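Chemist: my questions are about this predicted structure, shown below with the sequence.
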2 protein chains.
Amino acid sequence: MSIEPARRVRRSPEAARENILQSAERLLLERGPQGLKLVEVAQGAGVSHATVLHHFGSIDGVQTALAEAMIRQLVARVLAAERPDDPEAQLEGVGQVLFDAFESAGGARLAAWLELTGETRRLTLVREAVAEVISGPMAQKGVDPERATNLILVAVSLAMGVGLIGRSLAELVGRPPETTREAALAFLKSGLAAAIRV
Amino acid sequence: MSIEPARRVRRSPEAARENILQSAERLLLERGPQGLKLVEVAQGAGVSHATVLHHFGSIDGVQTALAEAMIRQLVARVLAAERPDDPEAQLEGVGQVLFDAFESAGGARLAAWLELTGETRRLTLVREAVAEVISGPMAQKGVDPERATNLILVAVSLAMGVGLIGRSLAELVGRPPETTREAALAFLKSGLAAAIRV
DNA sequence: GGTTCTATTGACATTTTTGTCGGTAACTCT
DNA sequence: AGAGTTACCGACAAAAATGTCAATAGAACC
């Protein structure tokens, strides 16, 4: 009975990186930044930790790449929301998508993580996304850029807060977890409507 | 020339813990959760790492104690805002204080940290604070508890978001860092006024 | 002064985490 | 089939981080 060396899976470099990053993301969302250990990431991806190093150089490399990928994902998701529908529906839609993006995809935890680790400097993607929204759907509705920017800042911050602590906050005061999100959405909607109408 | 053993500082247990926790808080705010290492905490406090262990048992002990202390601080700060002044001023005041608490004292980073590490279960303090606000100033203004709770959920979430990413978000779109905070404050104020008036 | 208590510490031990290196195996191309 | 490329892995090395322990030294009290 000789010991069979396990059959290797050989991926393309891109696929390998992708696979590893998925594992890393899972870990980040489940256990937080502390849980982002080399061996665990490797285990979750079904590879040896040496392989992770081969593709990313170091654990910091993994973190950076992960942040990059998640930001890209988040921005794309939000931008996908701008469709030239009727204003009301779109208003609602933007709110929905924004909250979704920050909650379900772990966007809030990502942002928090970035902020906590001080990686917030080089977020060109985000800047571009904001610019796009301001010059796109907002301007189209006749909102002046100054005000539009402010609205976006508030909306994103709110989405961030809700996505991060909304659920546990609601549970903390004995309400169903979606309560915060719903309340915030209503609040945001009426506020936006008021701000645009003026 | 014999080597003098450095003179020891002997503190009371409480003072020693306090001293260490201050160092830990500084580190948490400056470098994030990753930077909370035993030796660094000790160094910052001017003691040996063995001393830290003597007082807190383990690094987790430090984290738990730190979280506890910071939460206590945050809640106290917010609750200090409920004074029976005139409604308008108080409205403004509560917003101010809420945002202050979450921004300056690192409350947002604390909350984010707690959330990321999944320590959100046993936050009795927060629950009690919310209950106090609901049955206190809110009820006094005739806001029904259901609505009051929702408002608080939204306000806290917003404060959280602003405190965490407000500054860098504003800078990201080329505005002065306080922009987000000011916009959010205005937004919150008008929203609150509207909600209460109805 | 002497005694007691314990906060403090340096030195050591253990565990965890990260990184290195030579060889192996999967895939492509000829 | 043979050769070249390189993703992959096991084993080892190094570093970092946490934890243990016996001895020391402040401070209070007698």
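Modeler: Cool, the structure landed. Numbers count the residues shown, from 1 in each chain, chains lettered A, B, ... in the order given.
Chemist: secondary structure element for the closest residue to chain B within chain A?
Modeler: Nearest residue of chain A to chain B: A:G161, at 3.2 Å (C-beta to the nearest C-beta). (Each C-beta comes from the backbone N, C-alpha and C, glycine too.) For A:G161, the host element (DSSP states H and E) is helix A:145-161.
Chemist: next: A:Q96.
Modeler: Per DSSP H and E: helix A:87-103 holds A:Q96.
Chemist: over to A:L53?
Modeler: Using DSSP H and E, A:L53 sits within helix A:49-56.
Chemist: which elements pack onto that helix?
Modeler: helix A:13-31, helix A:38-45, helix A:59-79 (3 or more C-beta pairs under 8 Å, 6 or more residues apart in numbering or on different chains; DSSP states H and E).
Chemist: got the buried residues for the shortest one?
Modeler: Think helix A:38-45. A:E40, A:V41, A:A42, A:G44, A:A45 (16 or more other C-beta atoms under 10 Å in any protein chain shown).
Chemist: now check that helix, is it near DNA strand C?
Modeler: Yes - Helix A:38-45 reaches DNA strand C (C-beta under 7 Å from any atom of the strand) through A:L38, A:V39.
Chemist: now do the longest one
Modeler: Yes - using C-beta under 7 Å from any atom of the strand, helix A:59-79 reaches DNA strand C at A:I59, A:D60.
Chemist: now do that helix, average pLDDT.
Modeler: Per-residue pLDDT over helix A:59-79 has a mean of 90.
Chemist: for the residue nearest to A:L74 when sequence neighbours are not counted, give me its contacts.
Modeler: Sequence neighbours aside, A:G107 is the residue nearest to A:L74 in space, at 4.6 Å (criterion: C-beta to C-beta, 6 or more residues apart in numbering or on different chains). Residues near A:G107 by C-beta atoms under 8 Å, 6 or more residues apart in numbering or on different chains: A:M70, A:L74, A:R77, A:A101, A:A159, A:M160, A:G163.
Chemist: quick check: the farthest pair among the residues you listed?
Modeler: By the measure C-beta to C-beta, A:M70 and A:A159 form the most distant pair in these, at 15.3 Å.
Chemist: neighbour-wise, which of the two wins?
Modeler: A:A159 (30 against 23; other C-beta atoms under 10 Å in any protein chain shown).
Chemist: spatially, what comes nearest to that one if we skip its sequence neighbours?
Modeler: Per C-beta to C-beta, 6+ apart, closest to A:A159 is A:F102, 4.2 Å.
Chemist: ok, so of the buried residues of helix A:38-45, who is nearest A:Q96?
Modeler: Nearest to A:Q96 among the buried residues of helix A:38-45, with distances taken as C-beta to C-beta, is A:G44, at 31.0 Å.
Chemist: tell me the pLDDT of that closest one.
Modeler: At A:G44, the model reports a pLDDT of 97.
Chemist: OK, contacts around it?
Modeler: For A:G44, the contact set (C-beta under 8 Å, 6+ apart) comprises A:S23, A:A24, A:R26, A:L27.
Chemist: so the second one makes contact with A:I59?
Modeler: Right, the one you point to is A:A24. No - contact between A:A24 and A:I59 fails when scored by C-beta atoms under 8 Å: they sit 9.8 Å apart.
Chemist: those two - which one has more neighbours?
Modeler: A:A24 (26 against 16).
Chemist: from DNA strand D, how far off is the more buried one?
Modeler: Distance, A:A24 to DNA strand D, using C-beta to the nearest atom of the strand, to the nearest Å: 14 Å.
Chemist: now do A:L125
Modeler: For A:L125, the distance to DNA strand D equals 27 Å [C-beta to the nearest atom of the strand].
Chemist: roughly how far is the helix or strand containing that residue from the heart of the chain?
Modeler: Assigning secondary structure by DSSP H and E places A:L125 in helix A:124-133. Offset of helix A:124-133 from its chain centre (C-alpha atoms, centre = their mean, to the nearest Å): 14 Å.
Chemist: now that helix and helix A:87-103, what's the angle there?
Modeler: 170 degrees (axes from the mean of the first three to the mean of the last three C-alpha atoms, to 10 degrees).
Chemist: what about the following helix or strand past helix A:124-133, average pLDDT?
Modeler: Downstream of helix A:124-133, the next assigned helix or strand under DSSP H and E is helix A:139-140. Mean pLDDT, computed over helix A:139-140, is 71.
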